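J.: One predicted model, sequence on top.
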Number of protein chains: 2
Amino acid sequence: MPGGYTTGMDTAYSCDLTAVRAAAARIAGAVRRTPVLTSHTLDRLAGRRVHFKCEHLQTTGAFKYRGATNAVRKLSDAEAARGVVTHSSGNHAQALALAARERGIPAYVVMPRTAPAVKKAAVEGYGGRVTECEPVLAAREAAAAKLVAETGAVLIPPFEHPDVIAGQGTAALELLEDVPDLDAVVAPVGGGGLLAGCCVAARGVSPTVRVFGAEPLGADDAARSKAAGTWLPQTGPDTIADGLLTSLGQLTWPVIRDRVEAVFTVTEEQIRSAMRLVWERMKQVIEPSAAVGVAVVLGAEFRALAGVRSVGVVLSGGNVGLDKLYW
Amino acid sequence: MPGGYTTGMDTAYSCDLTAVRAAAARIAGAVRRTPVLTSHTLDRLAGRRVHFKCEHLQTTGAFKYRGATNAVRKLSDAEAARGVVTHSSGNHAQALALAARERGIPAYVVMPRTAPAVKKAAVEGYGGRVTECEPVLAAREAAAAKLVAETGAVLIPPFEHPDVIAGQGTAALELLEDVPDLDAVVAPVGGGGLLAGCCVAARGVSPTVRVFGAEPLGADDAARSKAAGTWLPQTGPDTIADGLLTSLGQLTWPVIRDRVEAVFTVTEEQIRSAMRLVWERMKQVIEPSAAVGVAVVLGAEFRALAGVRSVGVVLSGGNVGLDKLYW
């Protein structure tokens, strides 16, 4: 573990409440304090009060701007001058590009050639320099390593970084500030940066709060890892939730293993249906990955949980192509 | 003019600040205090700070729930017992149906047979009893009059009613409370209930605030009436902004004539483009009628206005059919 992140009780983990609080102070003013919305219809369907933390309204349209901003702001001037590098399926790339531009430094972004055009355009719109590669993790890592070697820039991966995890946790810090009596928090899980950060933050400020992961059945490595008690990789993911395709990281897995109560999975049909519900009844444009958490709280398994009167759900992002609509 | 609405300076008008404040007190707890959102992208495109009053997040998905709730709550028990009647292209119908159900009284709703299926289903979902008619004003008025004669219910029209106008004005009251230093307010105008109510409220609490109407070029009776200095009807409206098809009313026109500075018109292309922008960048599902106000503040004519650093735009509703999307 890198030094400086292992204070307090969670000595084995990459991130603790102190790091999340430091991140909150570091990103204040640069990152939006997003609203928390509620809906009578969703409450009724979920069988309890649901508070939606609106990270789709975050700058760049996703929670990723929190972690990227924290990581970029924490660099020394000498480190920052050479720029930052990442490989990402989209939202982290946009976030890092903008966080870098805000600091006046270059961002080199490796993206799979299959990423949605709207995401590539957004990265370039934020001043990021895009390099395309094959849509497999090995190719992305190799291309990123090559950029680091060529430019001397600092690699800021999408989730496997303590400062990124701490930054994502600030979403839960705000949520618990706004709704202190939450019994549970649900966050979608891909690499696990959001879930691990939110878990550390939420249970740090409110030790009795229960934290759950939400995962597509088509990319259920976190649920399988929890069941096996050991880290298992994701192979051949198949889901419309394109932000959740990846395996858990080595920094996020220990938190999820020990501090997250359970990871619930949902089908593609449940994801689509939840997404439609949020668009139609809450009037919020969320992306499929964000709908996964909604689908979980609407599912029979979660509804059957006792003792959860009030749950917070992180709507993780809203970056979805709208080309086929009215225009 | 009915008695009780003609106090203060605005002796010629159907609604004044006192009535709007009374409405705010009457509907408190039943009607949502909707958030005000901002967007860096929209600010940049508008050339000034824009504050969006999110009435698409109002209960029933539109500002109409304000006026309907005020009117229904103001009825005596004897009046209320017989129920309420209206004719509406949709959002007022949903609003009245729910306001009536909240009071435990019947709502009889005359709707044009061409109204979107999603709107009819919503009215029935709120317990409204729908009667279909031909999509012309005369047929709607006749069908409503017949229902009044048969049931003894009270007619609550979509805008031509002092309590409805006062209720709609509460949106601007909240907006000015949240953003007291607004230089201008823009609201879409169909029958004029929202615009007249907001104008009375905004200029009541902040006499120097400038109030503007936003209208589709394909239903521009308010702009033409303003230009002519006399009420002119809308004939043959043609626009996707289906909440703005109707002519101004006799109760709304005097306020718009005397207290609204100007009514700006926008093309269908501008409306579609503004709607897409709000969906894509603000992640908010708004209906075309709500996009009309956005299109106005993005238009060259409005951008050229001097002395407007900060403008409030009422996003009037979000009820739009989503059947052709991802599901």
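T.: Looks like it came in fine.

J.: got the phi/psi numbers for residue A:84?
T.: Main-chain torsions, residue A:84, degrees, to the nearest 10: phi -130, psi 160.

J.: per-residue confidence for it?
T.: What the model reports as pLDDT for residue A:84 is 98.

J.: can you check residue A:1 too?
T.: pLDDT, residue A:1: 37.

J.: do residue A:5 as well
T.: Residue A:5 is given a pLDDT of 42.

J.: before we move on, what about residue A:302?
T.: Residue A:302 is given a pLDDT of 98.

J.: Just list the residues touching it, thanks.
T.: A:46, A:186, A:212, A:264, A:296 (Cβ atoms under 8 Å, 6 or more residues apart in numbering or on different chains). Using the backbone N, CA and C atoms, a C-beta is placed for each residue, glycine as well.

J.: Can you lay out those residues as JSON lines showing neighbour count, secondary structure and distance to residue B:241?
T.: Formatted as JSON lines, the contacts of residue A:302 follow (neighbours: other Cβ atoms under 10 Å in any protein chain shown; DSSP: H, G, I helix; E, B strand; the rest coil; distance: Cβ to Cβ, whole Å):
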{"residue": "A:46", "neighbour count": "20", "secondary structure": "helix", "distance to residue B:241": "34"}
{"residue": "A:186", "neighbour count": "26", "secondary structure": "strand", "distance to residue B:241": "38"}
{"residue": "A:212", "neighbour count": "24", "secondary structure": "strand", "distance to residue B:241": "42"}
{"residue": "A:264", "neighbour count": "23", "secondary structure": "strand", "distance to residue B:241": "42"}
{"residue": "A:296", "neighbour count": "29", "secondary structure": "helix", "distance to residue B:241": "37"}
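
J.: I'd like the residues you listed as a markdown table, with pLDDT appended.
T.: Below are the contacts of residue A:302 laid out as a markdown table (pLDDT from 0 to 100):
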| residue | pLDDT |
| --- | --- |
| A:46 | 98 |
| A:186 | 98 |
| A:212 | 98 |
| A:264 | 98 |
| A:296 | 98 |
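
J.: could you pull out the helices for chain A?
T.: With DSSP state H as the definition, chain A shows helices at residue ranges A:17-27, A:40-46, A:64-74, A:77-81, A:91-103, A:117-125, A:137-151, A:162-178, A:193-205, A:221-228, A:253-259, A:268-282, A:288-298, A:300-303.

J.: quick one: which of those has the weakest pLDDT on average?
T.: helix A:117-125 (a mean of 85).

J.: neighbouring contacts of that one?
T.: A:60-61, A:89-91, A:93-94, A:97, A:109, A:111, A:130, A:319-321, A:323.

J.: let's see it at 10 Å
T.: A:60-61, A:86, A:88-98, A:107, A:109, A:111-113, A:115-116, A:128-130, A:132, A:242, A:319-323, B:41, B:280 (Cβ atoms under 10 Å, 6 or more residues apart in numbering or on different chains).

J.: Who are the contact partners of the residue nearest in space to the middle of chain A?
T.: Chain A has residue A:194 as the residue nearest its centroid, 3.8 Å off, counting by Cα atoms, centre = their mean. By Cβ under 10 Å, 6+ apart, the contact set of residue A:194 is A:55, A:62-64, A:66-67, A:159, A:164-165, A:167-169, A:171-172, A:187-188, A:213, A:243-244, A:252, A:289, A:293, A:314, A:316-317.
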